[in-house]
Structure formats: structure tokens, C-alpha cells
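Visitor: The sequence and its predicted three-dimensional model are supplied below.
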Amino acid sequence: MPDKNIELYIKGLCIDWNKIGGRSYLRGIESIAGMEEFSFHRPVTFFVGENGSGKSTLLEAIAVSYGFNPEGGTKNYNFSTYDSHSELCDAMRLIRGIKRPRFEYFLRAESFYNVATAEDEYSRGPGGVPMHFHEKSHGESFLALAQNSFKGNGLYLLDEPEAALSPQRQLTLLIEIDRCVKDGAQFIIVSHSPILLGYPEAEILSFDNGLIQACEYEETDSYRVTEMFINSRVHILKRLLEE
């Protein structure tokens, strides 16, 4: 059950499968197929699991259902370079908290270039402050956007934010997340990063084995594989590369 003392902007969701086609590929994603209700319990929730397990599909549907542009940005962004989001958002109803966030952002690694371009264009308007993201490295601009856009009392959906960041910068992002959470923010994050997943008191939800179920940090593949490789690098590489 959710902690009654925690105010969440998105408390859960419901899915009406009658609004999804019988031949839709969504029905073949085991972790999502047939799921009718889902609840969030903590200010920081991580979706983890193998590629193709449905993590980003669910996050994207939550984002679009909430009113975000499928490619990312704030709810005011209306650009589109490639319409690829699934029909899951049309069958989803979000269960929202009483409070409304003051700030909102959907940030995804795979379409960050498009968002950075839009950010530069929108900043040229009245009162805008150009960030010049394309004049920075990918990681620098990604982190700069987070540091300028993430604030307290906000809702933030992040899809694999570690993709652009070095380990040191992932620690910086962790600090930014914590700063916002302590000021009333909620994060829902898809991640493979053993650094980000280490955030204290986060709820980690695994999409593996055809289910969405809570797991401990040490039970994630991100942690297990990283720990195994660091502790047994020579042996593992010998087995992988010589056999």
C-alpha cells in the first residue's frame, strides 16, 4: 500500500484493454499484457528489466496520457519528428493526486537531440533564455537541461537518463533528483544504471519474467552483473572471449 504521508502527483493507473486491438503488439509484452491496475508508492520509482520487457513502453504511455509530447519536453512542447508511440496511452487512465505539480518534464535519451533543438527554438521567444545545448557535448547538455528544468514540487519522467552521462555525472544527477524529492517532487525513471538505482528509499520495479514486481537493489541485473564483472573481470572476459 502507498505511504499515506507521501503526496504523489501520479498515484496509479488503470488500463482498459477493450480499447486495444486484438492483434496489437502490446498484448505480446508479458509484463504489461492484461495488467488492469497499477499503483505508485514512493516519490522515486525505477522501472528495471531486460531490453524489450516493456519499461519504456509503459513510461511513454504514462507520459502521453499525462499530456506530454511523446518525444519529451514540457507539456507545452508540440513538435513531432516521428510518431512512434503506442496505443496504450489511449487505453490508460491516470489516477492523480490532490496536489498538482508546479513543474513537469519528460526526458528521454533517444530523442534528446530533438528536444534540445526545440528548447533552443522556444528560448528565442519573448522572455526566453537560450541554453545553446547543441554547443555542448551530449552529456553536458543533457545534465544542463536537468539542472535547469528540475525543481521542487515537480513531476519528472525519465527514460534511461544515464545513456548520456558518465559515472561522475550520474552521481550529479542523483544529487539533483534528491534535491527535488526533498522539495516535493516525484520521479518515475527507466534505468539500467546501478548508480541511479542506488537512490535511497526508491521503489524498484522489475519487468522481467513476465511480471511487474518490486525487487531490492541487490536483486537487479544491473547490480548483479556489474558486481560480478568488477569482482571477476579477468575470469569473465576469458570465458566470454576465448570460448
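Guide: Perfect, I can see it now.
Visitor: Quick one: residues contacting the residue lying closest to residue 100 once chain neighbours are set aside.
Guide: Using C-beta to C-beta, 6 or more residues apart in numbering and skipping the chain neighbours, the partner closest in space to residue 100 is residue 9 (7.0 Å). (Glycine included, C-beta is placed from N, CA and C.) Residues counted as contacts of residue 9 (C-beta atoms under 8 Å, 6 or more residues apart in numbering) are 96, 97, 99, 100, 101, 155, 186.
Visitor: Which among the residues you listed count as buried?
Guide: By neighbour count, with 16 or more other C-beta atoms under 10 Å, the contacts of residue 9 hold 96, 97, 101, 155, 186 as buried.
Visitor: Let's have those residues in JSON lines, adding secondary structure, pLDDT and distance to residue 232.
Guide: Listed next are the buried ones among the contacts of residue 9 as JSON lines, based on DSSP: H, G, I helix; E, B strand; the rest coil; pLDDT from 0 to 100; distance: C-beta to C-beta, whole Å:
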{"residue": "96", "secondary structure": "strand", "pLDDT": "95", "distance to residue 232": "46"}
{"residue": "97", "secondary structure": "coil", "pLDDT": "93", "distance to residue 232": "45"}
{"residue": "101", "secondary structure": "coil", "pLDDT": "94", "distance to residue 232": "44"}
{"residue": "155", "secondary structure": "strand", "pLDDT": "97", "distance to residue 232": "41"}
{"residue": "186", "secondary structure": "strand", "pLDDT": "97", "distance to residue 232": "38"}
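Visitor: Tell me which two of the residues you listed sit farthest apart.
Guide: Farthest pair in the buried ones among the contacts of residue 9 (C-beta to C-beta) is 96 and 186. Separation: 11.0 Å.
Visitor: Residue 105 and residue 63, how far apart?
Guide: Using C-beta to C-beta, to the nearest Å, one obtains 10 Å as the distance from residue 105 to residue 63.
Visitor: Tell me which helix or strand comes right after the helix or strand of the chain with the lowest mean pLDDT.
Guide: Within the chain, no helix or strand scores below helix 112-123, which has a mean of 57 by mean pLDDT, DSSP states H and E. The helix or strand immediately downstream of helix 112-123 is helix 138-149, counting by DSSP states H and E.
Visitor: CA-only coordinates of that next one in CSV, if you can.
Guide: What follows is helix 138-149, C-alpha atoms only, in CSV (Å, rounded to 0.1, in the frame of the first residue of the first chain):
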residue,chain,number,x,y,z
HIS,A,138,25.7,15.4,-25.3
GLY,A,139,26.3,14.7,-21.7
GLU,A,140,26.9,18.3,-20.7
SER,A,141,23.7,19.5,-22.4
PHE,A,142,21.7,16.6,-21.0
LEU,A,143,22.8,17.4,-17.5
ALA,A,144,22.4,21.2,-18.0
LEU,A,145,18.8,20.6,-19.1
ALA,A,146,18.1,18.6,-16.0
GLN,A,147,19.7,21.1,-13.7
ASN,A,148,17.7,24.0,-15.3
SER,A,149,14.4,22.2,-15.6
